[in-house]
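compute the structure for the input listed below.
(chains A and B)
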Amino acid sequence: MSATEPVDELSATQFEEHKALEAEEAIQGRPFELSAVRGGLLGKFANDKLAFVAIGWLVMIVFVAIFASWIAPYGQSQGTLGDADKSPVWNGGSWDHIFGTTPQGYDILSRLIHGARTSLVIGIAVVLAAGLFGVVIGLISGYKGGRTDRLLMGWVDVQVSFPGLLMALLLLMVLRGSVQTVILVLAINGWMVYARMTRGVVLSMKERPFVEAAEIIGARPRRVIMTHVLPNLVSPLATLATLEFARIVLAEAALSFLGLGIQFPQTSWGTDAAQGGQFINRNPWPAIYPGLALTITVLAVNIVAAWLRVAFDPQEREKRHAATVIAGAKQL
Amino acid sequence: MATFLVRRLLQGVIVVVAAAIFVFVATRAVGDPVDFILPLSASEEQRENLRVELGFDRPMSEQFVDYAGDVARLDFGESTYLNDDALTVVFDYLPKTLQLVGFGMLISLVTSVPLGVLASRKPGGRLDKILTTASLTGLSMPQFFLGQVLVAVFITRLTWFDPGPGPWHKNLVLPAICMALPAVGRLAMTVRSAMIEELNSQYVKVARAKGMPARRVSGVHALRNAGIPFVTLYGWELIRALAGYTVVVETVFAWPGLGFVLIQGIKERDFYLVQASVFVVAVLVVVISIVIDLVYKALDPRVQLS
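Numbers count the residues shown, from 1 in each chain, chains lettered A, B, ... in the order given. Modelled structure (predicted):
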């Protein structure tokens, strides 16, 4: 910024206009970012009710997932047939089972709470495993180039063209569904995006003067990657990982819903939605709760991802800074 | 053009071969095929007999040569669940899935474009906020949940549709909507951001400055250019739907397509049927993605096929 510091009044106006245009470009058509750009990030973030509610919900889900065993009034498959099919408390039920019970006599609220843990554990594990593998492959591919690059990207291309869901179904049929196998299968299916993105960033970084300079003074590849390339990956990776987390949570739920993921009486929101779905014509609520929990959680993650993109992107950060400068100048 | 086709076909062949190898490794090396075919209660002796009978006791390399030969002859074995040639079963149920995908993609085409254009008219305005939030919600919903809500509301509560079989056009409505909605969310967002970009471009300003009505500018000039990213995503949605993502919808609505029969087959541990389905879907996806690339080229002459 300081390089183009305005020196007289005319160029100051032009400078402002230019920055304003850039800021307009940055905020055009992105409501979440719009509000973030218009007035400082965290300040506006607290005012942006939607994003605030989203963060609040996610914090609650994380808290509930971590302390599930203490918070949940019952175990995930604890109960007898004597307690079967109890109504929720607002429908003539008792406070013993706030959301009612399943046809097996399990407490629905407790299952929802334990289900949050399943979703979170699987989502985070898959993002870590697939992300780590994908980033390493992308770094190697982008940095080495040549034959290695062609080979690795060929692998990525082929796997991207696979019917991924069918592969997952086949693998789960062989391995049988459990938390570990679902993590494995989803990670196998999901690492390619990270590899492609990392490679793209590395390729554009390689052209930059600071990387060339580092290479010229004799920095080893490992050092160049670690200190010069990786930091520039943080922002796009944060956004991608968040979006992938949302996708993985949905994928796990879908696999469990199809009866191939987490097996009843183990709990996952997808498993419970399938269980409730069997009696949907009699009583839709047991199917609705887990579905609703999933929808709100994934929506919250998506909203936060849109916010993260603005928060971590260096370019967006500069534009935001420019916008605040303009806003300050206009007030004067 | 010709080199492009040859290269894409070659790539497609690699994908199909890789898929076939994947199926082989997953079923023969990771799992025990005898486990799929015999019930869990089968004795060790029965297992051993079947293993010898079907040749699963031989070395992996020999089995692989056999398997490759079978695949090359399109012989995927007999479905143990439906007692018919596995490939025949796949082709019996595939049309229903194609019907669902076709109708669902039609719905998403005719709804997402107007919604995206509407939202782009005033970025940040009230209508835009409502539509963006709705799109985001639509794509955040698990598809099975959407299906269950549709069932609970329109079949159980309002009884607009019968739970059992009915005339095909009536049966198709809810599954197709369920299939289309997440895609509508993603597509409308794409149309919206592409339109906003086009509406801010120089040629739109020129057209407006010389007095062309806004409706014509956005409807004819901007929309045509905004169509390019839309077509990319639309093709991707189509491939995604064909690549097995109808399974969930078909399961919720008991729609008798390939996905539904595949899940039944998996539950019955019908390993020949799964093998055939994966192969057919892999070929289908490869062919469709080549077609989409060609359509893309036809729509946008600037695209370089490489």
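
please identify the helix or strand for the closest residue to residue B:47 other than its chain neighbours.
Once flanking residues are discounted, residue B:47 sits nearest to residue B:34: 5.0 Å by C-beta to C-beta, 6 or more residues apart in numbering or on different chains. Glycine gets a C-beta too; all of them are placed from N, C-alpha and C. Here residue B:34, judged by DSSP states H and E, is contained in helix B:33-37.

for the residue nearest to residue B:47, give me its contacts.
B:47, B:50-51, B:54, B:56 (C-beta atoms under 8 Å, 6 or more residues apart in numbering or on different chains).

would you list the residues you listed in TSV and tack on secondary structure and neighbour count?
Putting the contacts of residue B:34 into TSV (DSSP: H, G, I helix; E, B strand; the rest coil; neighbours: other C-beta atoms under 10 Å in any protein chain shown) gives the following:
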residue	secondary structure	neighbour count
B:47	helix	16
B:50	helix	16
B:51	helix	17
B:54	helix	14
B:56	coil	16
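
looking at those residues, which is nearest residue A:189?
Within the contacts of residue B:34, the smallest distance to residue A:189 is 27.1 Å, found for residue B:56 (C-beta to C-beta).

what about the residue lying closest to the closest one once chain neighbours are set aside, how many neighbours?
Setting aside the residues directly before and after it, residue B:56 is nearest to residue B:33 in space (C-beta to C-beta, 6+ apart), at 5.5 Å. By the measure other C-beta atoms under 10 Å in any protein chain shown, the count of residues near residue B:33 is 20.

before we move on, what about residue A:87?
Count around residue A:87 with other C-beta under 10 Å applied: 15.

okay, it: pLDDT?
Listed pLDDT for residue A:87 reads 73.

for it, phi and psi?
Backbone torsions of residue A:87, given as degrees, to the nearest 10, read phi -80, psi 160.

what confidence value was assigned to residue 2?
The chain I'm using is chain A. 34.

actually chain B
We have a pLDDT of 80 for residue B:2.

can you pull the contacts of residue A:85?
Applying C-beta under 8 Å, 6+ apart, one finds that residue A:85 lies in contact with A:100-103, A:283.

most neighbours, which of the residues you listed?
Taking other C-beta under 10 Å as the neighbour criterion, residue A:101 ranks highest of these with 27 neighbours.

TSV please, covering the contacts of residue B:34 and showing pLDDT and distance to residue B:195.
Listed next are the contacts of residue B:34 as TSV, based on pLDDT from 0 to 100; distance: C-beta to C-beta, whole Å:
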residue	pLDDT	distance to residue B:195
B:47	77	62
B:50	77	61
B:51	76	61
B:54	73	58
B:56	75	58
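
flag every residue of the stretch 51-200 of chain A that's near chain B.
When proximity is defined by C-beta under 8 Å from any C-beta of the partner chain, the stretch 51-200 of chain A lies next to chain B at A:154, A:157-159, A:161-167, A:169-171, A:173-175.

select only the buried ones of these in ChimeraX?
In ChimeraX, a selection of the buried entries from these looks like this (16 or more other C-beta atoms under 10 Å in any protein chain shown):
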select /A:158,159,161,162,163,164,165,166,167,169,170,171,173,174,175
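
among the residues of the stretch 51-200 of chain A next to chain B, which lie within strands?
Using DSSP state E to define strands, no part of those is located there.

for the residue nearest to residue B:47, give me the pLDDT.
73.

and it, how close does it get to residue B:27?
In this view, residue B:34 and residue B:27 are 11 Å apart by C-beta to C-beta, to the nearest Å.

tally up the residues packed near residue B:84, please.
If you count neighbours by other C-beta under 10 Å, residue B:84 ends up with 12.

what sits closest to it if chain neighbours are left out?
Residue B:84 sits nearest to residue B:78 (C-beta to C-beta, 6+ apart), 7.0 Å away.

burial of that neighbour, as a residue count?
Residue B:78 - counted by other C-beta under 10 Å - has 16 other residues nearby.

okay but it is in contact with residue B:85, surely?
Yes. With contact defined as C-beta atoms under 8 Å, residue B:78 counts as touching residue B:85 (6.1 Å).

surely residue A:108 touches residue A:100?
Yes. If you go by C-beta under 8 Å, residue A:108 and residue A:100 touch, sitting 5.4 Å apart.

quick one: mean pLDDT for the host helix or strand of residue A:256?
Using DSSP H and E, residue A:256 sits within helix A:230-257. On average, the pLDDT along helix A:230-257 is 88.

contact partners for residue 229?
Looking at chain A here, since you left the chain open. A:139, A:143, A:201-202, A:205, A:211.

if you could check chain B rather than the one you did, that'd help
Listed by C-beta under 8 Å, 6+ apart, the contact partners of residue B:229 are B:190, B:194.

quick one: pLDDT of it?
On pLDDT, residue B:229 comes in at 82.

next: the one 3 residues further on.
We have a pLDDT of 82 for residue B:232.

with adjacent residues omitted, what lies nearest to the closest residue to chain A within the stretch 101-250 of chain B?
Closest approach between the stretch 101-250 of chain B and chain A, counting by C-beta to the nearest C-beta: residue B:145, at 3.0 Å. Distances taken as C-beta to C-beta, 6+ apart put residue A:291 closest to residue B:145, at 3.0 Å, once the chain neighbours are dropped.

kindly calculate the angle that the one helix or strand that neighbour maps to makes with helix A:230-257.
Using DSSP H and E, residue A:291 maps to helix A:285-312. Here helix A:285-312 runs at an angle of 170 degrees relative to helix A:230-257 (axes from the mean of the first three to the mean of the last three C-alpha atoms, to 10 degrees).

so which residues of chain B form strands?
B:78-79, B:84-85.

let's have the ones you listed in TSV, adding mean pLDDT.
Listed next are these as TSV, based on pLDDT from 0 to 100:
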stretch	mean pLDDT
strand B:78-79	81
strand B:84-85	86
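
may I see those strands organised as JSON lines, with distance to residue B:155 added?
Shown next, in JSON lines, are the strands of chain B (distance: least, C-beta to C-beta, whole Å):
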{"stretch": "strand B:78-79", "distance to residue B:155": "31"}
{"stretch": "strand B:84-85", "distance to residue B:155": "31"}
